[in-house]
Structures are given as C-alpha cells and as structure tokens.
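J.: Whatever this is, show me its structure:
(4 chains)
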There are 4 protein chains.
Amino acid sequence: MPGNSFGKMFRITTFGESHGQAIGVVIDGVPAGLPLSSEDIEFELRFRRPGSLYTSPRAESDKIEILSGVFNGRTTGMPITIIVRNIDVDSSYYEEIKYTPRPGHADLPYIMRYGFENWDYRGGGRASGRETVARVIAGAIAKKLLLSLDTWIAGCIKSLGNMEIEDEISFEEAFRSRCSPLKPCSIRYENMFRELIEKAISSGDSVGGVVEVIVKNPPVGLGEPVFDKIKADLAKAVMSIPGVVGFEVGLGFKYAKHFGSEVMDEIIVRDGRFGWRYNYSGGILGGITTGEPIVFRCAFKPTSSIRMPYKTVDLRTNEERIIVIKGRHDPCIAIRGVAVVEAMTAIVLVDHAIRSGLIPSVRLSNDIVSLIEDRWKRYREVCMHMEELR
Amino acid sequence: MPGNSFGKMFRITTFGESHGQAIGVVIDGVPAGLPLSSEDIEFELRFRRPGSLYTSPRAESDKIEILSGVFNGRTTGMPITIIVRNIDVDSSYYEEIKYTPRPGHADLPYIMRYGFENWDYRGGGRASGRETVARVIAGAIAKKLLLSLDTWIAGCIKSLGNMEIEDEISFEEAFRSRCSPLKPCSIRYENMFRELIEKAISSGDSVGGVVEVIVKNPPVGLGEPVFDKIKADLAKAVMSIPGVVGFEVGLGFKYAKHFGSEVMDEIIVRDGRFGWRYNYSGGILGGITTGEPIVFRCAFKPTSSIRMPYKTVDLRTNEERIIVIKGRHDPCIAIRGVAVVEAMTAIVLVDHAIRSGLIPSVRLSNDIVSLIEDRWKRYREVCMHMEELR
Amino acid sequence: MPGNSFGKMFRITTFGESHGQAIGVVIDGVPAGLPLSSEDIEFELRFRRPGSLYTSPRAESDKIEILSGVFNGRTTGMPITIIVRNIDVDSSYYEEIKYTPRPGHADLPYIMRYGFENWDYRGGGRASGRETVARVIAGAIAKKLLLSLDTWIAGCIKSLGNMEIEDEISFEEAFRSRCSPLKPCSIRYENMFRELIEKAISSGDSVGGVVEVIVKNPPVGLGEPVFDKIKADLAKAVMSIPGVVGFEVGLGFKYAKHFGSEVMDEIIVRDGRFGWRYNYSGGILGGITTGEPIVFRCAFKPTSSIRMPYKTVDLRTNEERIIVIKGRHDPCIAIRGVAVVEAMTAIVLVDHAIRSGLIPSVRLSNDIVSLIEDRWKRYREVCMHMEELR
Amino acid sequence: MPGNSFGKMFRITTFGESHGQAIGVVIDGVPAGLPLSSEDIEFELRFRRPGSLYTSPRAESDKIEILSGVFNGRTTGMPITIIVRNIDVDSSYYEEIKYTPRPGHADLPYIMRYGFENWDYRGGGRASGRETVARVIAGAIAKKLLLSLDTWIAGCIKSLGNMEIEDEISFEEAFRSRCSPLKPCSIRYENMFRELIEKAISSGDSVGGVVEVIVKNPPVGLGEPVFDKIKADLAKAVMSIPGVVGFEVGLGFKYAKHFGSEVMDEIIVRDGRFGWRYNYSGGILGGITTGEPIVFRCAFKPTSSIRMPYKTVDLRTNEERIIVIKGRHDPCIAIRGVAVVEAMTAIVLVDHAIRSGLIPSVRLSNDIVSLIEDRWKRYREVCMHMEELR
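T.: Coordinates of the predicted model:
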C-alpha cells in the first residue's frame, strides 16, 4: 500500500533507489508565487552533503533538476517535481553480498516482505539513507514558506556517543552548528566531537548520536486534536528517518522521572503576551503549539555498516555465516541526519500552517513574497558569513 | 482541519468531550464476520477504568452502546459506532476556573487556537484523558482481529518516577501486569510502586512513568517504506496520547550512546527460521517488522493537576494569578495509560496487517473466526484466573 | 477498507443501518464559532422527509441528537456527531424475504461481498436510502457555512419519467421547489408531475427522474488540478447517492452532440467583471469555478421496489423464483433525492472553500458569524413564507 | 491543497506541464513482482498518440523513462516514477496570446485562482490534455495487474456529434476499435465517422463525442459502501479528465425516463451462477460490482480550440476583444480520450481490487505473474493481428 507520501496540505511523495536512475520528490500543495530556484534547493542540500572526513566519501554532486511546477522562477501552484540523478554508482560490491543480508540493515526485512527476486539490493535500494536527499529538497521549500511567519528551524548534535551534554542550547548555538562538518550543539564541543569521530573511524567503528531541534518563533495555536497533534506528527516525521530510534519533546523521558511538583510549568505574562516560564513541554501543550520555542530530540543509532566481522545468514544455504561489511560509510549518521530532521520538521510545520490557514493554500500575496525573499536572502548571507568566520 | 481520525485500512474517528453527551468512536474498515459483543469491549475497558485508590475517583460506569455495524453478534463490514454516555458529570468547578487556564493543561492553547468563546472548558473538553476511552474501545476490536495472527500485546509500567528498572521484562511479566491496579512490569515491584504512588497522593502531588509494550509473535514483514514505517506509525499513535512526551523503540536513546560495535545485532538461524540474536532494534528494521518481539517504551509526564499553588493568568485581567487546582485526579496517568498505549499499538498493527493483506479487508473466513474465538476465550480466562490468584 | 468518509477538510463519516439503533454522522473540520442548533438541522431534514402521499409512509420523526462538538450553541472546532434514532422499525417482513434478494437492490451484491451470514437484511441495511439522512444533516452545516460566502444551493426535479422539460430554470424557480412535495422545477409543472406520480402509485409502479441543481453566487476559483476538479468531486459526491446513475454538468451530454462552433462560449465583461456569455460549461472550466452559476443534473432510476412479480433467486435452493416486493415505498426517489443532492453539493463546495482558504479552517470571526446568522434567518423566513403562500 | 493524486491503494500522483520539462507520474502501491518494461507502457501510449489526420499534429515521440521502482524487469514494491520529456515544444504562439485567455479553456479560471503572474500559459500548462499521458502510463500498469483477474477493458466512440448509435455494443466490438484511428464502436461506422471529422477539420471546427467503456469479466463484489462506491469512484475518475462533462452507468439518463416496471432487471441463474437478465444497471448495484460487464458512457465536449473568431477579454485593458485561436488541434478530443478513459477505469478497478484483497498489495506470487505474462502477450498479439488485418 502507498507509504511514500507524507503531509496533508503540503504533501510530499518521494521515490527512487540508491543505485537507481534518480532520487526525487513530488511536492503537491505549494502555493503559487513562491520564488524558487535550483540554488535555493542546493543551498540546503549542502548541509546534508557527504564527502568530508566525517561522512561517507560517495561523491554525490546532488545537482538537482526541477521537472515541473516552477515557471519564470516562481511556483505555479502545480506539483513541483525535483530529481537528483544518481551518477557514478558502482553496484558491483552489492552483487557480491546480495545473498548475505547485512545485520542492522533493512536487507532481510525487505527480502521477507517483497521476495528476494524483487529486491533491489544495490546500495540498500529504497532503504538507503540516500532517500533522505528527497526530504531535504522538500524541506528547503518548506523552510522558505515558513519564513513568511518568521519561523526558523535549527538542529544540532546534542550528544555524540557517550558524550552527553547537559547544557541548555540556545537557538543561535544550534543554528551556528550548520557551518561545522560535525554539527555540534556548541562550538566548544567541536574538538571533543572530532576526537570521538576519529576514534570511531580509525577502528572501523561507528557511533550514535542525539539530534536536538529548536524552532524559533513558531506559530501559535498550531496542531489538530486529537491524532494530528504537533507532537504526534513530528514524532512520525522524525521516526520515519532511517536510523532514528527515539523521539522526545521538551523534557521528554526526563519528565517521567519526576514528581509533578518538580516539573510544573507556570503561565506568565512576558512582554505583554502569555508565555510559559520554563517551557518544559517544548512548546507544545495538548498537542498544540504554545508559541514558546519547539524543542525536541531524537536518537540515531550508530551506522550499521562497520568494518568488523558479524554473523548473518547465507540465503543460498540458509545457514549462518560471518561477513565483514566493506566500503566506507558515515561514521555517524546523526551528523548528516541533522539536515534531514530539520527538513522533516519544516515539512510538518508548514503542513500544519497551511491546514490552519496561517500560510495560504492557493497563492502568496506579493507582500508575503517580499518578506520571504528578504528573510531568505538574510538567511543565506548569515550562513555564508558564519562559514567565512571559521 | 480534520484531525480526529487515525489509520488507513482500519480507520478510527473519535469524538466527544469530557463533560459532553458522550464519548464515542466510529471504526471503519473492520472486516465482516468478527464476533463482537458489548462484553468484549467492556472487558478491555476494565483495564483502563479509574476508581481505585491509585486512579481518579470519577465514577465512570463505561457502559457502552453499539450503534451500528454489528448484527446478530457479528460485524457486518459496515462502520461500527460505539458510544459511552457521560453520566453524573459535575461541571460547576470548571465554571469557576474557566478564566484561569490551568498550567500544564491544554486550556490555554485551545483558547489561543479556537477562541475563548468557543472553548468547552468543562473537564478539559476534548483534550481530556477521557477521550482515550474511545481508543480503548477501538483497541479491543483491533486486539481481537490480531488474534487471527496469534499476535498478542502487553504493556506495563517500566519505570515510575525516579524508580528506573533495568531488568529485561518478558512478555509474560508484562502481560501479568494487567491484573494489578498499578500495572508494574514485575510483581516484585508492586509494593515499591505502591509506596511511591501513596507518597504522591499524600502530598497532593503526581508522578511520571514509562510504559513498555511488548508484542509477542508479531507478523513478519509488516510496514511500508518510507514514511509509513511501523516505527513511525507507532510513534505517531503513541505520541498522540495525552501526556506522552517521548517514544523509543528497542534500545532507543541508549543506542545513541554507543559505538556501533557495541550494539551490533546478528542474524542467526533459530528454530529453523531467521532471527536476530539480541533484538536490539525492538523487532523493527528498516521500518519493517522482523518477526522478533516488538518492544518500545513511551514516557508519560506526571499528571498536571496537582494540589499546589501555581501561577497562571487571569483572562479577565490579562494578569498573572496564583491558583490551586482542586478535585482529585490520577496521581500517575501512566498507569491508566498502559491500556491506551496497548490499544493504539493494536490499532497500528491491525491497520498494517490489513494493508499488507495478512488480515482480510472484506470478510473473515469461518476458520479464522473460530481461531479468534478460541484465542479470545482463552485470553479472557487467563485474565480472570490471574485476578483470582491475587 | 474504509469507504464511509467523504471530504478532505470538511470531512464526514456516516454510519448506521436502516433498522439498526441509529443513523449518524461525524463531521470533522467544522471551524469553531458556527452557531448551531438542533432546529437548524431539523429544518433541513424537513425537505427530505417522507410521509406525504408522494413519498414512503414510514414515519420517521427524525429527531436529532447532537452528541459532540457543540457547546453553548456554537461549534467548538471539535468533531460534531449527530444521530437520529431509528424508532418503530418493523423488520418482520425482511425476515420473510431474506433468502430471495430483491432485484434492483443491493441485496445480492452485499451478500456476494460480505457473506450471507454477515448481512443485515433488515430494510436494506446500510444500502438503504435511510442512510442519506446523515448526508442531509451534514449538508445543513455545510449550507450554513457557505452563507459566509453568500453562496446558495437549490435543486429541483427537472424531468420526471418521460416528461422532459426543456425550459432553462432560474435559481429562484429551483429554490421555490423546496416548498412543494413534488419539488418541480417550476410551479407550472406541479400538476403534471402529480398526475404522473399518482399514475405510478395506482399501478404499484415507480418512476425515474432528473434532479437539477443550481448554485447561485459560487466562489470564484474553486477546485484543484487535476483530480480534485470541482466537476469530478461533485460527480463522485452525487454518484455516491443510492439510485443515482448519471451526472452531467452544464450542457453535459448535449455538448457531445454538437460542433464546437455551436457551443462555443465567450468571455465577456459584465457589471465590471469577467463573465461567460452562455455559461454552457455550468460554471466550471478546467475543473475550476468561473463564478457563473454552477449547474448540473443527475439521473435517479425509478425506485426498485414495485408491486409486481419479478424473478429472483432463492438462496436456499439456488434456483430462480418469482417474488412480489411488498410494503409501500417512494414512487419516485428522485423527489426526496433533491435534498440529498443539495446536501452533497454543499459538502463538496464547503470542503473546497476551506481547502482554498475562502472559509477559515480553525475558527470563524465574529463578523462572519453575524453574516451567517443574518442570512440563515432570512433563508428560513423565505422558506416559511413560501410555504404559507401555497 | 494537493489535488494531483488519485486512488487509495494503487495511488498515482501526476505532475508536469504541457511545455515544461516533462510530464510524469509516481505510482505508489504496485505490488512487487510485476514484469514491467518500457515497451509495455509505450504499447498502451500508442492508443493515445496524436499525429494522424484526425488528431493533433504535435509530434510527441512519447519515449518514456522509468526512474524508479523497477529492477531487473520487475516491480520492486517501491514507487514507480515514469516521465516523458517534452521535446520540440514551441511556446512562442502562447507568448502572443497570453493576455487574451481562450474561451472554453482553463486559462481564465487558472488566472483567477493562481494569479496571472504565476500562470504557466504555455500550451495550457497543467490544464493541457497533454497531462493525460501520465494517466495512460499508470493505466498500462493497472491493466496488466487486472489481467491477474482476467479482467479486460475496452472503450470506443459510441456517438460522434449528432451521430448517435443505438446499437448495443459488444465487448469485442469495442475492443476492436483500438486499431482504428477513429475508435468507432463498430467498424461499420468508420466511414461515417471519417466524413464527420473531415467536415469539422475542413471548416476549422471541432465536434463532441460520447465514449463507452465495457469491462469484461470484472471481479464480483468490488466497491465500498457508502461513498467509495464503484460508480462514484468511476465518475470521479472519468469526470477528472479534461473535456469530460457527463457520466452515466448502465441505462444512465435513460433510466430516469422510465417507469420502474419498464426497466426492472431480474436475477437469474446463468451457467450455474447468479446473474442479471438485462444488466440495466451496468454491472453495478448498490455501488458494488455484480459480476455482469461494467458498462458506462461519458460525454466529451468539442475541442475548444477552433479556427473561428470569438470574443474574450484583454487582460491589459480589461475590455472585450475578438480573437481567433491559431494552431491545429484535435478535431475531436473524445477520440484520444478513449485511451484515457480506459486508463482511468483500470486505475479505479485495480485500486478497489487491492482494497478488497483480490490483488495482493505487497507482492505477486509466481503463479499470478505467469498468468499476467501469458495474457499480456496474448493481448499484444491480438492487437498487432488486428492492425495487420486492416
């Protein structure tokens, strides 16, 4: 049954396999009038790009092609389809290992579900992390639309392996992480992160991590009773990302360890409007946004491909067999995951903003378009400036 | 926008407010032929019922009324609508406090979203935990259908406040919890749980908790790439429950603290079929069930209504004001939450089982009906027996 | 699979069987703030009510009960559930004929699909025209919401049996039909209609008819490329009504008989805005409303229950057998169908109006509420006045 | 709001504009294991191809590219994306006329909805008939899947302009029409059709037509109460096609002209199974298929682009102005429409077949695959043979 679409008013449908012709996405529900160029998309794709020391060396140029829905540099209200061709893929290695499903990967579940003879074993097929490039593409459009509400999203690595950081992170710190290849929640942890990653690399190992996302200036009153609560839709969006195994909002699991009296928030008047003193609930109460920053975290497991011997089964003999996964992979998928989690967050928020009428569903007024253009320009400049500073 | 429905093939739509006429649910997509009686539903509702020392004293009789979709004791394939009348509700207290939204509750977000003048302030309205009775009703039907696959679901309290339990819990232990008013993951923690709850009660406080669910004998190969992964749909289902603030599957957040080499699972041959040695991933890989038990946890925050003074705002003056929430409430919503989490789990699994063709969408064969009846009878007998043993 | 819901933003889910406990509907997606009373609903139900000479004598009081979503006389934004109890149903006749499926009815297809043992044979079960009471209930709310846009819907009988009327019908004429038990497109045909109906009644026969609907002052620019065109959604809505076998918009099937030069419309300037000279396309071009009146027709087949001998099969012997359907039924379902077609039209238009942002999805402003109240009051007064005039 | 998707279990999302980069479709919900090649698709596209005397001379090569979801010649269960590049498009003419929206076209409604500045005026943009190439692509896959049930679909021109044909058409006659450029319902009308078309062409005119579709050996018991009736879903599917203005099933509008006694069908025993004597209802009763052939018709209006002067408005002056549409177009869109109506029919039926479990949703067994391959081969051979015979 169809499972490759997400969102109700801002609806994305992704397609493509790791070693197939292309990865792509159809985005249906983008209002007409949004200025959109390939550069806008590619700018966001940079934050997901592999190639550095700390991520997979597969050379993805990620040149996108806009197939529909944009005319004269603006969206038309029609579905926007964007693809990235898969180039220079070498599937020969997967030919070798197709009978020995990799532990920790989706290989065996896919085979059990779809049949070995129908399984695209090349590079993980559709279950590859490569699929997330489509999410980041759609997320770029969602982020631009959210600028009409002056809503900003920033993610970062909150903990890496056993390095847990207890500091409360500000939006600005999280935002600044996008200019580091390691996406640390604070620049002061960058070196410690680097050491840990290099340790993992040197031993052919990988490491898990926790991503935190902060949404600055979210719209107030977003979310639908009772199943389409913002916290529920964020959970689904984020948990659908390959490698994510946990999600929590606000205090999250820490909430459960406390007496009510210890974690009771208070409603206050701040700058003339209602607010919450501590924002323990991460900007969401009753499933509806309070206007306080949305704060949530998600856990990525360590990359499953490590250069060590592990037991699996051989599908030709149905017997156990030890394999070592070859090739080089991201030592920590959480790092590239930051851009993907940000994208999914943007998609959920813009979907709900359109559902609630805060962003028009049919077309943007010229005033809104100007606001978006100004803010997007500023966003890109700030990013560029931060990179230069490094 | 509509947000009160959940599921694609087994689709529930819930309605009703805490102090309105009734709480109810329409369940569309139940195949014809399932034997169904009021007793079946009410049997499951017992596990959610308040009234004991440890839960809210509101006397809900929870007598259900089946309005449609059942004829001669069997489902007809038509939508099943079941309601529970709200009786003996006293809304006078809420009349008093309607201008001072309760901190920690959905009051203020609802007001900000829908307008004060349109807000049903009586007992939390639609945001009340009372809404979950509709989920448990639908869950009872889902559980019966899952018996056709011999799939069983059991939840329990895995940790209560700061009492974290590191033991690995078996399905049988979790299952046994349904006969304790405290739903402890193991009978040996019952007294400690009781002490903690009584401590909270005596000081007018509340406490959070973590629910763990174990699914025994789940279908293999369930889940849809890429957004409707089982882990994603479970996350949404569970995070949509009032008070739930975190979700994790398998090792969950612990995964993130480790090197890949420490948490690598292995594929093995066990009893002649493929399996995973440690089931670190909680029975789900690539978003698809592996056949190993599904294991996940979710965090409930402490009940927000505690008998202590807290600051809020007065909507008549727009100024801060201190209130004390009166009335008695569950000291720990996680306890009654167990039944709700179980129900949502059943709904997700049966939805996917129908999507994947493992449960027929139109009608059940007589053979399947017999299997379900036998297993359901056994289930009720076992529960009764366990209660007698206590 | 779930098939009992309709609409995306204004979403109705109907339930109930002809001789079950109740017929009902959940309406999810109604913005908060709409004044709504039982009288509003029951006012619309009058136009569907049977009991006169020309329709079925089953005495349905159609007293409705609002179970949720309305508080202090206004909608809250939560799902609205409304039921009508089935009272005084006598199922004994159906007990007699359950083994001989009635020709022209859904009996045998339901049996083939769901199994004889799961079939609610009493009064047609879910396939009964009685189900449409739920649609009219939802339609009443939709009509009230459309008044915010000053959009009005009127249907009438355009042809009855072989009496085809070639006159172009004005909105006002169609509107006036609601006060005649025969719903004629013009009062001057009332007597001819009466004669035809009485002829059918006297011979135990029934007759088909065509309903025409005119929408006055529809919103401009409504409809979504490419599948959710207004004409497509109207077609589905109307064709889902029991007994409807054809749908056409504007010139409809007549279009097909012409050369393009004969039916070419022209765009003109009228009263300072763009318009179409002839409105051949019935107010919809490219699937999008033009602002001209929406005009469509649908064909109802004659009531299938007639007092004449017809062949069917006996399910006990699997052999052919002649039966005569007893009981009294509407001689022409098209007549009561007018109210149902109007309701479905309103539901489609309000759904699209919310999708396009022309009606707010979350809550109505006080200004809009006042407009609606004024127009609704006027509407009821006009109807009352017309009835008195008769 | 998203409106470019259709279907629930077999779900298509189309994209692309007439003069944009490409037209394409994502098909989500195709079970794994279906043999699929570019040739399969292109074979079906032939029946929609323009280029002959009687259709538009735009030279569309319609070479398709499969971007995802197929591996080693079989579907994988992942979304299948197929595109057709738009080549050799010349948009200069549309540059000329963009300020004078063409009467009868979607130009002005699109402008009113999305804004002139966001409107892709080249060749009708998304509203172009060119969009239907995506439907025929998806329909080819749907048709192949339906062969697993031995279900066959054939459409033809039942009436052309004022040439109405009263003959009852057999499936075989309808099927044979696919080899004539005029798609006549019977070969004996081919010359008359040709004369009429040539008359239209010679005077720069166009002509309307009625398409009839016959489904041979449809599955029994398909269709969902109460909104997703087969007749309702077919109506929506067909009415969403550009230029379609009417739909009727079985006797359709003729039903409405009769007394019940004149059009009463009878249930009989035929070849040992239940059947309907006359199939007046076109194979659908109560919205559910009876097993008798499905028969429906739809009306296409004449092509709106004709070489005659018509009034429109000039958007620069907001005044009326006379234009003549240049270029050459199909004199009768109904002719190419046959392939599109067939495709939409196949999509509805396969969607419902998967919903009802008659076609597996996850993967096809080898037995089914063999059946499909044999029947598909036979189908292509028969088509080829028929063409040679001409």
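J.: And the helices in the stretch 251-390 of chain A, which stretches?
T.: For the stretch 251-390 of chain A, helices defined by DSSP state H, counting those that start in this stretch occupy the ranges A:333-355, A:366-389.
J.: mean pLDDT lowest for which of these?
T.: In terms of average pLDDT, helix A:366-389 trails the rest of the helices of the stretch 251-390 of chain A, at a mean of 93.
J.: Restricting to C-alpha, output that one in PDB.
T.: The C-alpha trace of helix A:366-389 is given here as PDB (Å, rounded to 0.1, in the frame of the first residue of the first chain):
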ATOM      1  CA  ASN A 366       3.200  40.000  -3.100                       C
ATOM      2  CA  ASP A 367       3.700  41.300   0.500                       C
ATOM      3  CA  ILE A 368       4.400  37.800   1.800                       C
ATOM      4  CA  VAL A 369       6.600  37.100  -1.200                       C
ATOM      5  CA  SER A 370       8.800  40.100  -0.400                       C
ATOM      6  CA  LEU A 371       9.000  39.100   3.300                       C
ATOM      7  CA  ILE A 372      10.100  35.600   2.300                       C
ATOM      8  CA  GLU A 373      12.700  36.900  -0.200                       C
ATOM      9  CA  ASP A 374      14.200  39.300   2.300                       C
ATOM     10  CA  ARG A 375      14.500  36.700   5.000                       C
ATOM     11  CA  TRP A 376      15.800  34.000   2.800                       C
ATOM     12  CA  LYS A 377      18.500  36.400   1.500                       C
ATOM     13  CA  ARG A 378      19.400  37.200   5.000                       C
ATOM     14  CA  TYR A 379      19.500  33.500   6.000                       C
ATOM     15  CA  ARG A 380      21.900  32.700   3.200                       C
ATOM     16  CA  GLU A 381      24.100  35.700   4.000                       C
ATOM     17  CA  VAL A 382      24.300  34.700   7.600                       C
ATOM     18  CA  CYS A 383      25.200  31.100   6.700                       C
ATOM     19  CA  MET A 384      27.900  32.400   4.300                       C
ATOM     20  CA  HIS A 385      29.300  34.800   6.900                       C
ATOM     21  CA  MET A 386      29.500  32.100   9.500                       C
ATOM     22  CA  GLU A 387      31.300  29.800   7.200                       C
ATOM     23  CA  GLU A 388      33.800  32.500   6.400                       C
ATOM     24  CA  LEU A 389      34.400  33.200  10.100                       C
END
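J.: contacts for it?
T.: Helix A:366-389 is contacted by residues A:33-35, A:40, A:43, A:144-145, A:147-148, A:150, A:152, A:176, A:178-179, A:360, A:364 when judged by Cβ atoms under 8 Å, 6 or more residues apart in numbering or on different chains. Yep, even glycine has a C-beta here, placed from its N, CA and C like the rest.
J.: what do you get if the cut-off is 7 Å, keeping everything else the same?
T.: Taking contacts as Cβ atoms under 7 Å, 6 or more residues apart in numbering or on different chains, the residues outside helix A:366-389 that touch it are A:Gly33, A:Leu34, A:Pro35, A:Phe43, A:Lys144, A:Leu147, A:Ser148, A:Asp150, A:Arg176, A:Arg178, A:Cys179.
J.: Could you state which residue of chain A sits nearest its centroid?
T.: The centre of chain A sits closest to A:Val340, judged by Cα atoms, centre = their mean, with a distance of 1.6 Å.
J.: If we ignore the residues flanking it in sequence, what's nearest that residue?
T.: Leaving aside its sequence neighbours, A:Val340 sits nearest to A:Thr132 (Cβ to Cβ, 6 or more residues apart in numbering or on different chains; 4.5 Å).
J.: any idea what sits nearest A:Phe175, other than its immediate chain neighbours?
T.: A:Ala154 (3.9 Å).
J.: State the distance from that neighbour to A:Lys143.
T.: A:Ala154 sits 11 Å away from A:Lys143, going by Cβ to Cβ, to the nearest Å.
J.: Same question for A:Glu117.
T.: From A:Glu117 across to A:Lys143, the span is 41 Å (Cβ to Cβ).
J.: now swap in A:Lys63 and tell me
T.: Per Cβ to Cβ, A:Lys63 is found 20 Å from A:Lys143.
J.: Look at the two and report which has more neighbours.
T.: Comparing A:Lys63 with A:Lys143 by other Cβ atoms under 10 Å in any protein chain shown, the one with more neighbours is A:Lys143, at 24 against 12.
J.: Is that one within a helix or a strand, and which one?
T.: Per DSSP states H and E, A:Lys143 falls inside helix A:132-146.
J.: Kindly report the same for A:Ser159.
T.: strand A:152-160.
J.: dump the residue contacts of the spatially closest residue to A:Asp150 that is not a sequence neighbour.
T.: Nearest residue to A:Asp150, sequence neighbours excluded (Cβ to Cβ, 6+ apart): A:Asn217, at 5.3 Å. For A:Asn217, the contacting residues are A:Asp150, A:Thr151, A:Trp152, by Cβ under 7 Å, 6+ apart.
J.: Most neighbours of all the residues you listed, which one?
T.: With neighbours taken as other Cβ under 10 Å, the top of the contacts of A:Asn217 is A:Thr151, carrying 23 neighbours.
J.: Tell me if I'm right that that residue and A:Pro219 touch.
T.: Yes - using Cβ atoms under 7 Å, A:Thr151 is in contact with A:Pro219, at 6.4 Å.
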